[in-house]
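In: based on what follows, work out the 3D shape:
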Amino acid sequence: MIYRPMDNGDYTMGKPLLVDAAAVGQAIKTKLLLLKEEWWEQKEDGLPLFQNILGNTNTSNLQAVDLLVQERILVTPNVSRILDFESRYQSRTYSFQCKVETTFGATVPVTYAF
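Out: Numbers count the residues shown, from 1 in each chain. Below you'll find the predicted structure:
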């Protein structure tokens, strides 16, 4: 797997391309940043941030949000499974951290907050 690196949310040019596990980490980040209905060619693809996540602040909904996030991670190419998933909702911010096992045999740390 080969992926172009990002810097401040934009793809970079002229820098070495990411390969294998590092590329998987970048692909996961890209999957999480794409919002549902944001890309005009495939409106059903993306994280349903506005549709299902924002405003779901109680603990029972936290599990539903976790499942949405985990689903986005698992559909990323070369992801085998998610390890050690932990999430929290605090001060109006949902955040999670986990490790992702790749098909390349390496694990990639993933941290995200919104």
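In: how about the most centrally placed residue in the chain, what does it touch?
Out: Nearest residue to the geometric centre of the chain (Cα atoms, centre = their mean): Leu32, 3.4 Å. Residues in contact with Leu32, defined by Cβ atoms under 8 Å, 6 or more residues apart in numbering, are Leu47, Val69, Arg72, Ile73, Tyr112. Where you see a C-beta, it was placed from the backbone N, CA and C, and this is true even at glycine.
In: what is the nearest of these to Met13?
Out: Tyr112 (25.0 Å; Cβ to Cβ).
In: next one: phi and psi at Leu33?
Out: Torsion angles at Leu33 (phi, psi; degrees, to the nearest 10) stand at phi -80, psi -20.
In: and the gap between it and Phe114?
Out: 9 Å (Cβ to Cβ, to the nearest Å).
In: show me which of these two is the more surrounded one.
Out: For the pair Leu33 and Phe114, the greater number of neighbours falls to Leu33 (16 against 13), based on other Cβ atoms under 10 Å.
In: how far away is that one from Gly105?
Out: 26 Å.
In: that older thread, of all the contacts of Leu32, the one with the weakest confidence?
Out: Of all those, Leu47 has the smallest pLDDT value, namely 82.
In: check the contact between that one and Glu71; I expect there is one.
Out: No - applying Cβ atoms under 8 Å, one finds Leu47 not in contact with Glu71, separated by 9.2 Å.
In: and these two? Which one has more around it.
Out: Leu47 (22 against 11).
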